[in-house]
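Student: A structural model of the following input is requested.
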Amino acid sequence: MSLNDSPHCTLHNDPMVCDINHLLFICPSFSIDRHHLLSLLYSSNIPFDFISILSNNQKNIIINILSFFNHSGFLI
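Tutor: Got it, this is the predicted structure:
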């Protein structure tokens, strides 16, 4: 995801603010990656909500979350 002056997501035409919540739960550009992450969280009995995802301390979950954000184009 290239840097620009707009706070909106540049990956689709809907004017939505591009933030962590948008990427994890809403952005249609990451629906496939989101599905894979959701499957992993579900199989690990982790609720698919903001607090549960970002406060998790399981190594494989953290790696997959970082991978999800990496695929989104965010530099971590």
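Student: need the contact list for the spatially most central residue of the chain.
Tutor: Taking CA atoms, centre = their mean, the centroid of the chain lies closest to residue 24, which sits 3.1 Å from it. With contact set as CB atoms under 8 Å, 6 or more residues apart in numbering, residue 24 has these partners: 34, 37, 50, 53, 68. All C-beta spots, glycine's among them, are computed from the backbone N, C-alpha and C.
Student: so how many other residues sit close to residue 9?
Tutor: 21 (other CB atoms under 10 Å).
Student: list the residues that contact the spatially closest residue to it that is not a sequence neighbour.
Tutor: Closest residue to residue 9 apart from its sequence neighbours, by CB to CB, 6 or more residues apart in numbering: residue 18 at 3.8 Å. Taking CB under 8 Å, 6+ apart, we find residue 18 in contact with 1, 7, 8, 9, 10, 11, 27.
Student: tell me how far residue 18 lies from residue 39.
Tutor: Using CB to CB, to the nearest Å, residue 18 is found at 24 Å from residue 39.
Student: one more: residue 28?
Tutor: 18 Å.
Student: over to residue 16?
Tutor: Between residue 16 and residue 39 the distance is 24 Å, computed by CB to CB.
Student: of these two, who's got more company?
Tutor: Neighbour count, other CB under 10 Å: between residue 16 and residue 39, residue 16 has more, with 16 against 11.
Student: pLDDT wise, what is that one at?
Tutor: If you check residue 16, the pLDDT there is 86.
Student: just checking, it touches residue 26?
Tutor: Yes - in this structure residue 16 lies within contact range of residue 26 using CB atoms under 8 Å: 6.6 Å.
Student: which among the contacts of residue 18 end up buried?
Tutor: Buried residues within these, counting neighbours by 16 or more other CB atoms under 10 Å: 9, 11, 27.
Student: which residues touch the closest residue to residue 62 other than its chain neighbours?
Tutor: The shortest distance from residue 62 to any non-neighbouring residue, by CB to CB, 6+ apart, is to residue 56 (6.7 Å). For residue 56, the contacting residues are 46, 62, 65, by CB under 8 Å, 6+ apart.
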